[in-house]
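# Any chance you could fold what I've pasted below:
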Amino acid sequence: MYKIAVIGERDSIYGFAALGLSIYPVEDAQEGARVFRRLAEQEGERRYAVIYITESLAAQLEEEIEKCRSQKFPAVIPIPGIAGNTGAGMRAVKKSVEQAVGSDIIFNEDE
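Numbers count the residues shown, from 1 in each chain. Okay, here's the model as predicted:
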């Protein structure tokens, strides 16, 4: 069975443990990159199908996250952290939809 992980600042992700998700609090981007790589590379029953990552940490790990975009697993989903919503999560959704469909069908904005 696939699992779901949440990576980010402790205060931002602690509540996800109550939902049964695996939480990985990190102190800085270097530790976050190390944890992210370890989770993304797991195979078999230990594999994570979804990795939620706080937007602030995701912004610092763009290169690592981009490597996962061409793979089936894991899906990497940015979520707002304790500091609030930066809009990075919505931009990631928009980008994914545009890649899958070929146009912006959700926001329908001209750039």
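
# beta partners of Thr54?
Partner residues in beta bridges with Thr54, using DSSP bridges, are Ile79.

# Contacts only, for it.
Ile7, Gly8, Glu9, Ser12, Ile13, Pro78, Ile79, Pro80, Gly81 (C-beta atoms under 8 Å, 6 or more residues apart in numbering). C-betas here are computed from N, CA, C, even on glycine.

# which among the residues you listed end up buried?
For those, a burial check counting by 16 or more other C-beta atoms under 10 Å picks out Ile7, Gly8, Glu9, Ser12, Ile13, Pro78, Ile79, Pro80, Gly81.

# Let me have the residues you listed in CSV, extended by distance to Lys72.
Listed next are the buried ones among the contacts of Thr54 as CSV, based on distance: C-beta to C-beta, whole Å:
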residue, distance to Lys72
Ile7, 20
Gly8, 23
Glu9, 28
Ser12, 27
Ile13, 24
Pro78, 19
Ile79, 21
Pro80, 26
Gly81, 27
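
# out of these, who's nearest Glu62?
For the buried ones among the contacts of Thr54, the minimum distance to Glu62 (C-beta to C-beta) is 10.3 Å, reached by Pro78.

# so that closest one sits right up against Ile53, yeah?
Yes. With contact defined as C-beta atoms under 8 Å, Pro78 counts as touching Ile53 (5.9 Å).

# what separates Val6 from Tyr14, distance-wise?
Distance, Val6 to Tyr14, by C-beta to C-beta, to the nearest Å: 9 Å.

# Those two: who's more crowded?
Neighbour comparison, Val6 and Tyr14: the larger count goes to Val6, with 23 against 14 (by other C-beta atoms under 10 Å).

# what packs against the helix or strand hosting the more buried one?
Taking DSSP states H and E as the criterion, Val6 maps to strand 3-8. The helices and strands touching strand 3-8, judged by 3 or more C-beta pairs under 8 Å, 6 or more residues apart in numbering; DSSP states H and E, are strand 22-25, helix 29-40, strand 48-54, helix 55-60.
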